[in-house]
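Colleague: Requesting a structural model of the entry that follows:
(one chain, ligands or ions: 2)
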Amino acid sequence: MTYLGELFSLAGRTALVTGGSSGIGLGMAEALGRAGAAVVLVARRERELAAAVDTLAGYAVTATAISADLGERADVNRVIATAADHFGDIDILVNSAAVNIRPPMGELTDADWDLNHAVNVTAPYLLGQAFGPRMAERGWGRIINIGSQQAVRAFGNSGIYGVAKAAITGLTRSQAEAWSPHGVCVNTVMPGFVITPLAAPHLAVPGRVEALAARTMTGRNGLPQDFAGTTVFLASDASSYVTGQTIYVDGGFSVH
Ligand SMILES: NC(=O)c1ccc[n+]([C@@H]2O[C@H](COP(=O)([O-])OP(=O)(O)OC[C@H]3O[C@@H](n4cnc5c(N)ncnc54)[C@H](O)[C@@H]3O)[C@@H](O)[C@H]2O)c1
Ligand SMILES: O=C(O)[C@H](O)[C@@H](O)[C@H](O)[C@H](O)CO
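Modeller: Ligands and ions are numbered 1, 2, ... in the order given. Okay, the predicted model is just below:
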């Protein structure tokens, strides 16, 4: 194998990507698959999942899908119980599924809070609890949790989303402390503003997208493919001494 292959190849690895039917998760799944991993996508809608599997097949990526509502604990448990049936044990876990519930802070309901936490925090926690120890037993693994610049700043009407994203950075550090001694690296990727379906409310506001682009250093908003390199790095042997970290992939948004 070439030097770069030894560092970055994911051949023989299996990755599970939540939110893999759309946006950043789909971009990450494509990157993992094109670097050699077999990919299991988890999201709610079967039609979108099937389309994503087809898209990945176009890049010769081996992929399959599990339809599940990660806000429902029974569904999370089903994912945990069946994930290895497809391509074997999960070596790489990417937690990208999330919801952003946007009423003004004072108008949020208890149900909003519960859903926000179920999808954005509890599901990543439960999946980590299931797969992290198994990776540690096998002596190799990678967990990539998706945070957000909203972990460290208020941003529009999505206050409890920021609470969840701050929790994700803490979860990452605790998982890293627990499993890094056994070859499992755990990191948070922090997007800035990325053009995906989740960002639709911003896209609908005239001038908003341009204003957000101007707040980056690169002068443009993010796209799902901007996460490819960081994802392959964090999923591969190349990152074996990088763990517990909060890694911004945001065109400089967070430091501008
Ligand atoms: N787009 C941005 O600007 C931005 C910025 C910072 C962080 N992020 C984070 O990036 C990640 C991906 O977001 P995106 O922008 O690609 O959004 P997206 O809407 O394109 O994708 C979200 C994915 O999560 C899945 N999902 C949502 N609720 C689910 C549930 N209950 N059960 C199962 N799957 C569910 C959706 O099916 C979809 O596949 C999220 O963690 C998000 O918080 C996005
Ligand atoms: O940090 C973030 O998660 C983003 O900037 C978000 O606010 C999104 O861009 C948008 O709101 C879609 O959720």
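Colleague: Now the closest residue to residue 130 other than its chain neighbours: which helix or strand?
Modeller: Leaving aside its sequence neighbours, residue 130 sits nearest to residue 80 (C-beta to C-beta, 6 or more residues apart in numbering; 4.2 Å). Every C-beta, even on glycine, is put in place using the N, C-alpha and C of the backbone. Residue 80 belongs to helix 73-82 when assigned by DSSP states H and E.
Colleague: Pull out the buried residues from that helix.
Modeller: By neighbour count on 16 or more other C-beta atoms under 10 Å, the buried set for helix 73-82 is 75-76, 79-80.
Colleague: same question, stretch 184-191
Modeller: 184-191.
Colleague: residue nearest the centroid of the chain?
Modeller: The centroid of the chain falls nearest to residue 96 when counting by C-alpha atoms, centre = their mean (2.7 Å).
Colleague: so who does that residue touch?
Modeller: With contact taken as C-beta atoms under 8 Å, 6 or more residues apart in numbering, residue 96 is in contact with 17-20, 23-25, 28, 146.
Colleague: Next one: it from residue 247, what distance?
Modeller: 14 Å (C-beta to C-beta, to the nearest Å).
Colleague: returning to that earlier point: as TSV, the buried residues of helix 73-82 with pLDDT would be great.
Modeller: Formatted as TSV, the buried residues of helix 73-82 follow (pLDDT from 0 to 100):
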residue	pLDDT
75	98
76	98
79	98
80	98
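Colleague: coming back round to it: what packs against the helix or strand just after the helix holding residue 80?
Modeller: Proceeding C-terminally, helix 73-82 gives way to helix 84-87 as the next helix or strand, assigned by DSSP H and E. Under the contact criterion of 3 or more C-beta pairs under 8 Å, 6 or more residues apart in numbering; DSSP states H and E, helix 84-87 touches strand 14-18, strand 38-43.
Colleague: near ligand 2, anything from whichever helix or strand comes after helix 84-87?
Modeller: As assigned by DSSP H and E, the chain's next helix or strand after helix 84-87 is strand 92-95. No - judged by C-beta under 6 Å from any ligand atom, strand 92-95 stays clear of ligand 2, getting no closer than 13.9 Å.
Colleague: ok, now stretch 234-252?
Modeller: No - using C-beta under 6 Å from any ligand atom, stretch 234-252 stays clear of ligand 2, coming no nearer than 8.6 Å.
Colleague: How about that stretch, which residues are buried there?
Modeller: By 16+ other C-beta under 10 Å, the buried positions in stretch 234-252 come out as 234-236, 239, 243-251.
Colleague: Also stretch 122-140?
Modeller: Buried residues in stretch 122-140, counted by 16+ other C-beta under 10 Å: 122-128, 130-132, 135-136.
Colleague: can stretch 152-160 be found next to ligand 1?
Modeller: No - using C-beta under 6 Å from any ligand atom, stretch 152-160 stays clear of ligand 1, with a minimum separation of 9.2 Å.
Colleague: How far away from the center of its chain is that stretch?
Modeller: Taking C-alpha atoms, centre = their mean, to the nearest Å, one finds the center of stretch 152-160 at 19 Å from the center of the full chain.
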